[in-house]
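Novice: Here is a sequence with its predicted model. Questions after.
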Amino acid sequence: MSALADKIRKSRQKVEPVGGFDFTILRPTDLDMMEFSRSRNPADLVKFVVGWDKVKEMDLLPGGDGHPVPFDADACSEWLADRTDLMVPLVEAITKAYQEHKQRQEDAAKN
């Protein structure tokens, strides 16, 4: 990815605290939401979780150690698929981030 594209993606990120963890979410683009509107499957929005902090291996699997683990998108998807207590608020935060973005666009168009 180019440095400029990386900056654009970073500008769409925010940290969302959920369940004692800090998740980095990426606001979906208009195109992303058009694709999502076809399936309307909330699990499809998990791909917009792009980072985490305060997650230890023992949070992810029984018998894991207490050391923090680096973000892994596949592991995150597997973990959240079984943790609706985390996934539901994350999906809501991702959806809200998009709705707020659309509202800002509409407000700017009025001015």
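Specialist: Here it is on my side, so go on. Numbers count the residues shown, from 1 in each chain.
Novice: next structured bit after the host helix or strand of residue 4?
Specialist: Using DSSP states H and E, residue 4 falls within helix 3-11. Downstream of helix 3-11, the first helix or strand assigned by DSSP H and E is strand 13-18.
Novice: Mind giving me the packing neighbours of that next one?
Specialist: On a contact count with 3 or more Cβ pairs under 8 Å, 6 or more residues apart in numbering; DSSP states H and E, strand 13-18 meets strand 21-26, strand 49-53, helix 84-110. Yep, even glycine has a C-beta here, placed from its N, CA and C like the rest.
Novice: which residues touch whatever helix or strand comes next after the second one?
Specialist: Right, the one you point to is strand 49-53. Following the chain from strand 49-53 toward its C-terminal end, the next helix or strand by DSSP H and E is helix 57-60. For helix 57-60, the external contacting residues (Cβ atoms under 8 Å, 6 or more residues apart in numbering) are 21, 64, 65, 66, 67, 69, 75, 79.
Novice: try 6 Å this time
Specialist: Helix 57-60 has contacts (Cβ atoms under 6 Å, 6 or more residues apart in numbering) with 64, 65, 66, 69, 79.
Novice: and what of stretch 31-38?
Specialist: By Cβ under 6 Å, 6+ apart, stretch 31-38 touches 44, 98.
Novice: What residues sit buried inside it?
Specialist: 32, 33, 36 (16 or more other Cβ atoms under 10 Å).
Novice: Please save the CA atoms from the helix or strand bottoming out on mean pLDDT in the chain in PDB.
Specialist: Between all helices and strands in the chain, the lowest mean by mean pLDDT, DSSP states H and E belongs to helix 30-39, at a mean of 90. The C-alpha coordinates for helix 30-39 follow below in PDB (Å, rounded to 0.1, in the frame of the first residue of the first chain):
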ATOM      1  CA  ASP A  30     -19.300   4.000   1.100                       C
ATOM      2  CA  LEU A  31     -18.200   1.100  -1.200                       C
ATOM      3  CA  ASP A  32     -17.700  -1.200   1.800                       C
ATOM      4  CA  MET A  33     -21.200  -0.300   3.100                       C
ATOM      5  CA  MET A  34     -22.700  -1.000  -0.400                       C
ATOM      6  CA  GLU A  35     -21.200  -4.400  -0.300                       C
ATOM      7  CA  PHE A  36     -22.400  -5.000   3.300                       C
ATOM      8  CA  SER A  37     -25.900  -4.000   2.300                       C
ATOM      9  CA  ARG A  38     -26.200  -7.100   0.200                       C
ATOM     10  CA  SER A  39     -25.500  -9.600   3.000                       C
END
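Novice: All set, thanks.
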